[in-house]
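Chemist: could you work out the structure for the sequence below:
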Amino acid sequence: QVQLAESGGDSVQAGGSLKLSCVVSGSTPCNNGMNWYRQAPGKEREFISNIDITGRTNYAASVRGRFTLSQDNAKNTVYLQMNSLNSEDTAMYYCAAERLRGSDRCRWYWGQGTQVTVSS
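Modeler: Residues are numbered from 1 along each chain as shown. A predicted model of the protein is given here:
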């Protein structure tokens, strides 16, 4: 069974930094790796970053240059370093992992989220 657990969310002042973690257990990673999303109250869920199984990263324009992904394969953990935070970054942050289901299909699994609140 695949399980994901995010942590690291907190309340910070504008301009501050946070580092989120996502630990994944179970099954085998598929090509698309892991994504981070966020959802603010009253807004649609927003894709913010991806790291695939080769380690290649991709970022939404809204966070590019401020957020950085990294991973520790030994710990099955992906980190999202968030710098220069502003009030627009306030949201629930979710990680999702593409993992093998059965012998030949991949699907996305989701964590429960971690709250980030940025005050000005």
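
Chemist: spell out the secondary structure type for the closest residue to residue 63 other than its chain neighbours.
Modeler: Nearest residue to residue 63, sequence neighbours excluded (CB to CB, 6 or more residues apart in numbering): residue 48, at 5.1 Å. The way it works is simple: take the backbone N, C-alpha and C, and place the C-beta from them, glycine included. At residue 48 the chain is in strand, as set by DSSP: H, G, I helix; E, B strand; the rest coil.

Chemist: can you pull the pLDDT of residue 48?
Modeler: Note on residue 48: pLDDT of 97.

Chemist: contacts only, for the closest residue to residue 67 other than its chain neighbours.
Modeler: Leaving aside its sequence neighbours, residue 67 sits nearest to residue 82 (CB to CB, 6+ apart; 5.1 Å). Neighbouring residues of residue 82 by CB atoms under 8 Å, 6 or more residues apart in numbering: 17-20, 63, 66-67, 89, 116.

Chemist: please report how far residue 82 lies from residue 33.
Modeler: Distance, residue 82 to residue 33, using CB to CB, to the nearest Å: 19 Å.

Chemist: ok, residue 18 next?
Modeler: 21 Å.

Chemist: check residue 116 too.
Modeler: Residue 116 is 22 Å from residue 33, by CB to CB.

Chemist: ok, now residue 104?
Modeler: From residue 104 over to residue 33 (counting by CB to CB), the distance is 18 Å.
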